[in-house]
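Undergrad: for reference, the sequence and a predicted model appear below.
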Amino acid sequence: MHHDSADTDTDKRLAAEAAAGEVVDGMLVGLGTGSTAAHAIRAIGRLKLHIDAVATSNASADLARSLGIRVRDFADVATVDLTIDGADEIDAQFRAIKGAGGAMLREKVVACASRRMIVIADGSKRVEAIGAAKLPVEVLPFAAGFVASRIAGLVRSATWRGDYRTDNGHRVLDCDVGAYRDWECLSDAIGRIPGVVGHGLFLTQVDAAYIAEGGVVTRTERAGLARPSSSR
């Protein structure tokens with residue numbers, strides 16, 4: 001794990017503020033989870049727009065409400081206009097690994113419900129190939145032993161995240177996968193194990209990335225090529 005420097009935190013904030021510029025009145029906005037997403041929630045709060053939001057974690061919902069953002073129950077929502085969230089790793093093909101913060105299942109549901117999903121990150125999260133970060137798998141506690149034995153055949157190693165429980169009451173198995181040739185195949189194989197309720201491979205959900213490095217934010221779109229978005 002890299003250590004957060006003041007510069008890294010500034011980059012997280014700049015990426016978050018640039019992405020928050022896409023939020024406009026009348027939107028239903030998905031709020032991600034984690035330190036970078038928290039910067040986005042604060043940036044959206046400062047805009048004082050007339051929006052509704054849904055949150056991917058209790059922590060994000062609490063933060064948003066404290067800033068005066070109206071948070072709706074996602075259970076009553078089918079589609080979201082725009083979601084802004086962080087990532088542990090993202091590559092040039094917009095494949096991402098998420099879930100160090102433990103919210104990957106709710107994040108995946110909200111991302112899939114979103115017309116547009118933006119990942120925001122500091123430069124350390126941009127990678128040639130995903131797989132160095134741990135891949136978290138969310139597991140029904142009832143199925144813990146069974147899932148761990150099945151996962152063992154798919155990854156290098158897997159370790160339970162201690163006594164940690166997600167907002168859904170589930171356990172998390174952190175997997176060391178390394179560089180994988182066929183991420184779709186791994187994603188499907190993990191997802192098919194009964195008792196697995198979610199995992200942190202986001203292979204198709206991300207539409208755009210705002211990545212800040214050294215105070216310069218670059219926006220890339222899945223549909224196109226990199227273009228500078230802003231610099232300070």
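TA: On my side now, so go ahead. Residues are numbered from 1 along each chain as shown.
Undergrad: now this structure, which segments are flagged as low pLDDT?
TA: For the chain, the stretches flagged by pLDDT under 70 are 1-4, 224-232.
Undergrad: pairing partners for the longest strand anywhere in the chain, with directions?
TA: The single longest strand within the chain, with elements called by DSSP state E, is strand 114-122. Sheet pairing for strand 114-122, assigned by DSSP bridges, gives strand 80-85 (parallel), strand 208-213 (parallel).
Undergrad: which residues are contacting the longest helix anywhere in the chain?
TA: Secondary structure of the chain per DSSP state H: the longest helix is helix 6-20. Contact with helix 6-20 is made by 2, 35-37, 39-40, 42-44, 47, 84, 86, 118, 120-124, 210-215, 217, 219, 229-230, 232, as judged by CB atoms under 8 Å, 6 or more residues apart in numbering. Glycine gets a C-beta too; all of them are placed from N, C-alpha and C.
Undergrad: need the buried ones from these selected in ChimeraX.
TA: Buried residues among the contacts of helix 6-20 (16 or more other CB atoms under 10 Å), as a ChimeraX selection:
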select :35,36,37,39,40,42,43,44,84,86,118,120,121,122,124,210,211,212,213,217,219,229,230
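Undergrad: ok so, going back, can you name the element that comes right after the longest strand of the chain?
TA: Where DSSP states H and E defines the elements, the next helix or strand beyond strand 114-122 is strand 135-139.
Undergrad: contacts for that following strand, please.
TA: For strand 135-139, contacts defined as CB under 8 Å, 6+ apart pick out 97, 99-100, 102, 104-105, 147-148, 151, 155, 158, 161, 166, 168, 170-177, 190, 195-201.
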